[in-house]
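1. The sequence and its predicted three-dimensional model are supplied below.
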Amino acid sequence: MSRLKYFILIIVFFAFSCEKEIDVQLEDSKPKLVVEGVIENGEYAYVSLSKSAPYFTPVDSTTFQNMFITEALVIVSDGIESDTLTFDTVPLFPPLRFQGHKLKGQLNTSYTLRIEYEGEVYTADTKILDAIPIDSVRYQYEYNSDSLGYIWFYANDPVNQNNYYRVFTMDVDIDFSKEIPVWVHPAGSVTDDSYFNGKLVESQMYRGRNPMLSEAYYEAHPDDWWAFKMGDKVLVKLTQIDYESFIFWRTMEQVLMTGDNPFAAPTTVQTNISNNALGSWCGYASTVQYIEITEDIIIP
């Protein structure tokens with residue numbers, strides 16, 4: 001027998017003889033507090049609290065409901081007044097939230113969030129900055145389509161400032177007695193002004209995914225769920241956010257957009273919540289404009 005054949009037989013022998021079933025036991029990590037906190041100019045603060053779950057935990061309606069926290073002490077303060085938020089179920093999204101009733105958000109004001117839950121204290125700070133007015137809103141058909149399109153909005157970015165933005169839309173042509181109005185955001189909803197500091201902001205927006213609609217809806221509308229159409233009645237919201245909120249949403253969206261890509265660089269979602277919690281406490285300086293998509297606002 002040649003040396004080459006002998007060597008191949010040894011490799012084959014070890015390949016089969018060393019085969020062994022391995023049962024890998026993954027250690028479940030301790031659940032962390034997940035915070036979605038928002039305060040916006042002219043609106044009361046709200047905070048939605050939940051617990052993280054191990055990656056391989058099967059999720060059904062019961063599991064999902066149990067993840068939400070309904071008993072905690074949640075306080076928002078502007079340094080002068082404080083508002084103790086109360087847990088409530090509201091016809092808004094998210095529907096399970098701690099809702100403020102005393103302190104409405106004001107421009108150019110800082111707000112502290114304090115959460116006491118299961119003997120732990122979590123804190124965060126944010127600021128509602130200046131609101132940047134929307135100059136105008138237009139509509140443009142998608143290439144090669146005469147029925148589906150995007151919204152474009154325009155605003156003037158302040159000169160010599162570092163500004164950070166997040167955009168939303170809301171469909172208002174709905175039956176409010178049957179549907180919950182939801183501010184939705186497209187992928188890539190946040191940006192800074194690195195490329196347009198002090199210039200006209202031009203941003204293209206498609207319709208984001210509505211968390212109140214089932215996955216079956218999106219499976220039934222794979223080609224047009226993202227689009228705005230002629231006759232749609234829409235609220236467009238432009239918000240200025242602080243740097244910490246921008247970093248949270250930018251890293252969050254990077255994870256969401258590359259989560260299924262095995263070749264993407266790993267991204268750690270940044271948070272401004274203390275004590276190893278997840279999520280964000282975000283101040284929105286908002287400007288809202290209503291539009292009805294008609295022939296008058298179409299970009300040729």
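-> On my side now, so go ahead.

2. dump the residue contacts of the nearest residue to Leu278 once chain neighbours are set aside.
-> Nearest residue to Leu278, sequence neighbours excluded (C-beta to C-beta, 6 or more residues apart in numbering): Val34, at 4.7 Å. To be clear about C-beta, it is placed using only N, CA and C from the backbone, and glycine gets the same treatment. Contact analysis of Val34 by C-beta atoms under 8 Å, 6 or more residues apart in numbering lists 49-52, 277-279.

3. and stretch 220-229, how far from the chain's centre?
-> 20 Å (C-alpha atoms, centre = their mean, to the nearest Å).

4. do you know how far Ile151 is from Pro211?
-> The gap separating Ile151 from Pro211 is 20 Å, by C-beta to C-beta, to the nearest Å.

5. Compare the two (neighbour count), which wins?
-> Ile151 (24 against 10; other C-beta atoms under 10 Å).

6. what sits up against whatever helix or strand that one lives in?
-> Remark: Ile151 resides in strand 149-156, with elements defined by DSSP states H and E. Residues from elsewhere that reach strand 149-156 (C-beta under 8 Å, 6+ apart): 132-142, 167, 169, 199-206, 227-229, 234, 236, 238, 287, 289, 291, 293, 299.

7. Go ahead and flag the most central residue of the protein.
-> By C-alpha atoms, centre = their mean, the chain has its centre lying nearest to Trp249, at 6.3 Å.

8. helix, strand or coil for it?
-> With DSSP: H, G, I helix; E, B strand; the rest coil as the basis, the three-state label of Trp249 is helix.

9. How confident is the prediction for it, by pLDDT?
-> Here the pLDDT value assigned to Trp249 is 95.

10. which residues does it contact?
-> Contacts of Trp249 by C-beta under 8 Å, 6+ apart are 166, 189-190, 241, 280, 282.

11. again, only using 7 Å
-> 166, 189-190 (C-beta atoms under 7 Å, 6 or more residues apart in numbering).
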